[in-house]
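A.B. asks: fold the stuff below for me.
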Amino acid sequence: MGFSPRTETLLNQASTICGNRGARLTDLRRQVLGLILDRESPTGAYDLLDQLRATRHGAAPPTVYRALEFLLDQGLIHKLERLSAYVGCVAQEDHDRDHDHAAQFFICRTCGRVTELEDHELAHALEDAAKRLGFTLGKATIEAEGQCAVCSAR
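C.D. replies: Residues are numbered from 1 along each chain as shown. From the prediction side, this is the model:
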C-alpha cells in the first residue's frame, strides 16, 4: 500500500517520535496511521478496517482498535468524539515534549472538513476557568461545529 510523499514523511517522523519514547510503530500501526494521514477528512474505525482488509485479509475490529489506542496514547492522532472519527497529528513541532497537547477542532457541517487549531490562549482560559471551580484539568479537546470559509463564501 503506497502513501503520498507527504504521508511517508510524516510516517517516518512518527517512527522517530515513537523510537525516542521507547515505543515501536509496527507495520500495522504505521499502516493505520498512514490511512488516517492520507485522508483529507476524519475517518472512522470501520472505514479503516475496510481499507486494511484490502491487504490484511484477517483484519478484525480489535486489530484496528488496538492500533488506534496506541496511536492515541502516543499523541499521533486525535479522536473527534462528535464524529467518532480520527485525524492525524504528527507534524506538531514540540511533539517529543508534549504528546498530550490541548487541541481545538473546527468541524464544517457542510463539507465535513476538520481544521485543528492549537490556541494556547484558549487552552489557558480553559485551565483558568477550571481552577476557579477547583477542577483539576486533564486532557482537553474542544470541538466546534460551524461552516468553513470556503463553504461560507459559496
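
A.B. asks: rounded mean pLDDT for the helix ranked longest in the chain, please.
C.D. replies: Scanning the chain for the longest helix, with DSSP state H as the assignment, gives helix 5-20. For helix 5-20, mean pLDDT rounds to 95.

A.B. asks: low-confidence stretches in the chain?
C.D. replies: 1, 91-101 (pLDDT under 70).

A.B. asks: residue ranges of the helices in it, please?
C.D. replies: Under DSSP H, the chain gives helices at 5-20, 27-37, 45-52, 61-73, 120-132, 149-153.

A.B. asks: and R113, which of those is closest to it?
C.D. replies: Closest to R113 of these is helix 149-153 (CB to CB; 7.9 Å). Glycine gets a C-beta too; all of them are placed from N, C-alpha and C.

A.B. asks: what residues does that closest one touch?
C.D. replies: C108, T110, C111, R113 (CB atoms under 8 Å, 6 or more residues apart in numbering).

A.B. asks: returning to that earlier point: would you mark the buried spots in the longest helix of the chain?
C.D. replies: Counting neighbours by 16 or more other CB atoms under 10 Å, one finds that the buried residues in helix 5-20 are T7, L10, L11, A14, S15, I17, C18.

A.B. asks: isn't the fourth one right up against I77?
C.D. replies: No - counting by CB atoms under 8 Å, I77 is not a contact partner of A14; they are 9.6 Å apart.

A.B. asks: what do these two both touch?
C.D. replies: In contact with both A14 and I77: L33, using CB under 8 Å, 6+ apart.
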